[in-house]
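>>> build me a model from this:
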Amino acid sequence: MRCRILVVHDGRTPIDHIRVDAVLTVAGRDETWSWGGSIEADSVTLIGTVEHRLGDATGEVVLDLQVTQPGPDGGARSGERSGPDGGRTATNHYRGRIGAG
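From the prediction side, this is the model:
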C-alpha cells in the first residue's frame with residue numbers, strides 16, 4: 001500500500017515551518033512517520049509517502065494525520081486548536097478494512 005501525503009495551503013503567505021505526523025494502523029499494529037518543512041503560499045505540497053507491505057493482513061486499516069504549525073514563540077494562536085507543543089493543528093482520520101477479516 002502506498003499513500004502520498006500532501007498539504008493544501010490556501011493562504012496568501014508562506015508558512016515557515018510545519019510538522020506532519022502520520023500513524024498507520026494495520027491489523028492492530030502501528031507504524032509512524034514524521035516530516036517537517038516549509039509550505040509556499042497558495043500551494044499543494046507533497047510532504048512524503050506512507051508505504052506498507054500488507055502481505056496477508058486482514059482487518060481494520062486506519063491512517064491518522066496531524067499537521068502542526070508552531071505559534072509565535074511556541075504559543076498557541078488565537079482561535080486555533082492547540083497541539084501538544086502549543087501550536088495550531090489540523091487532523092484527518094481515514095478508516096477502512098482489508099482482506100476477508
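
>>> only C-alpha atoms from now on, for both contacts and neighbour counts.
Fine.

>>> would you map the strands across the protein?
2-9, 15-26, 29-39, 43-51, 59-69, 88-98 (DSSP state E).

>>> show me what the last one is packed against.
Applying 3 or more Cα pairs under 8 Å, 6 or more residues apart in numbering; DSSP states H and E, one finds that strand 88-98 makes contact with strand 59-69.

>>> low-confidence regions, the protein specifically.
Filtered on pLDDT under 70, the chain yields the residue ranges 72-87, 100-101.

>>> make CSV from the strands of the chain and add mean neighbour count to it.
Putting the strands of the chain into CSV (neighbours: other Cα atoms under 10 Å) gives the following:
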stretch, mean neighbour count
strand 2-9, 13
strand 15-26, 17
strand 29-39, 13
strand 43-51, 15
strand 59-69, 18
strand 88-98, 13
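
>>> next, count neighbours for the closest residue to R12 other than its chain neighbours.
The shortest distance from R12 to any residue other than its chain neighbours is 5.1 Å, reached at A41 (Cα to Cα, 6 or more residues apart in numbering). Number of residues near A41 (other Cα atoms under 10 Å) recorded here: 14.
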